[in-house]
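just coords:
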């Protein structure tokens with residue numbers, strides 16, 4: 001457990017609304033969604049719904065991380081640190097610095113999170129390339145076999161080899177009797193909270209709660225007791 005770096009990211013569309021895209025990018029958006037957009041939905045509506053989860057059209061506004069450690073009394077504790085703001089390149093660069101520091105202390109560390117293999121890590125890699133940031137060795141994943149990647153993905157762990165199975169973080173937490181992190185908002189609200197409410201702090205709190213929920217799930221999957229709130233700290 002002390003070699004896991006748990007993470008979660010929050011993303012939004014690069015522009016608040018579809019009409020802010022120029023003509024070229026509207027055409028690129030139309031091409032991107034041509035085979036997946038429902039007929040009853042307009043490109044503008046679909047942009048609000050889905051642009052944030054597509055790395056070509058979205059951006060990272062928050063990366064929350066957490067790691068396990070034992071305090072002087074040998075209690076298992078968990079420390080959170082979040083990187084956030086409006087400057088995506090700065091957030092991504094700070095993330096690389098943070099992971100570099102962590103990897104020097106834990107040579108065989110693993111990223112951990114919920115659905116990080118299919119979303120968070122690929123998204124971060126794509127946005128780093130777009131922002132001109134060199135990928136560190138631990139993110140050079142192209143061509144690697146699944147067992148060669150350094151990730152503990154709670155969704156993959158819960159699949160137990162079933163390739164078709166998808167379970168949300170909220171559902172898995174409920175199944176394992178873990179207090180949900182979705183008490184204030186959910187992922188579908190991040191765009192409006194960022195652009196309309198302009199409440200980045202609310203998004204950071206939500207992201208950190210997801211990291212804590214994931215950490216508790218990791219404990220339950222190992223049949224270990226959950227951490228009490230007093231053992232969880234924020235840097």
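Yep, that arrived. Treat the numbers as computed from the prediction; the structure is a model and nothing was measured.

buried set for the longest helix along the chain?
Taking DSSP state H as the criterion, the chain has its longest helix at helix 200-221. Judged by neighbour count (16 or more other CB atoms under 10 Å), helix 200-221 contains these buried residues: 200, 202-220. In this view, the C-beta of every residue, glycine as well, is placed from N, C-alpha and C.

can you pull the buried residues of whichever helix or strand comes after that helix?
Sequence order places strand 232-234 as the next helix or strand after helix 200-221, per DSSP states H and E. Using 16+ other CB under 10 Å as the test for burial, strand 232-234 gives residue 232.

likewise stretch 72-90?
Neighbour-count burial for stretch 72-90, counted by 16+ other CB under 10 Å, picks out 76, 77, 78, 80, 81, 82, 83, 84, 88.

tell me where the chain has strands.
Remark: strands assigned in the chain by DSSP state E are 4-13, 58-70, 76-84, 110-113, 151-153, 232-234.

export those to TSV and tack on distance to residue 130?
Output for the strands of the chain, formatted as TSV (distance: least, CB to CB, whole Å):
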stretch	distance to residue 130
strand 4-13	13
strand 58-70	9
strand 76-84	17
strand 110-113	20
strand 151-153	22
strand 232-234	30
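
now those in CSV, with distance to residue 26 and mean pLDDT?
Shown next, in CSV, are the strands of the chain (distance: least, CB to CB, whole Å; pLDDT from 0 to 100):
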stretch, distance to residue 26, mean pLDDT
strand 4-13, 13, 98
strand 58-70, 16, 97
strand 76-84, 29, 97
strand 110-113, 33, 96
strand 151-153, 35, 93
strand 232-234, 41, 95
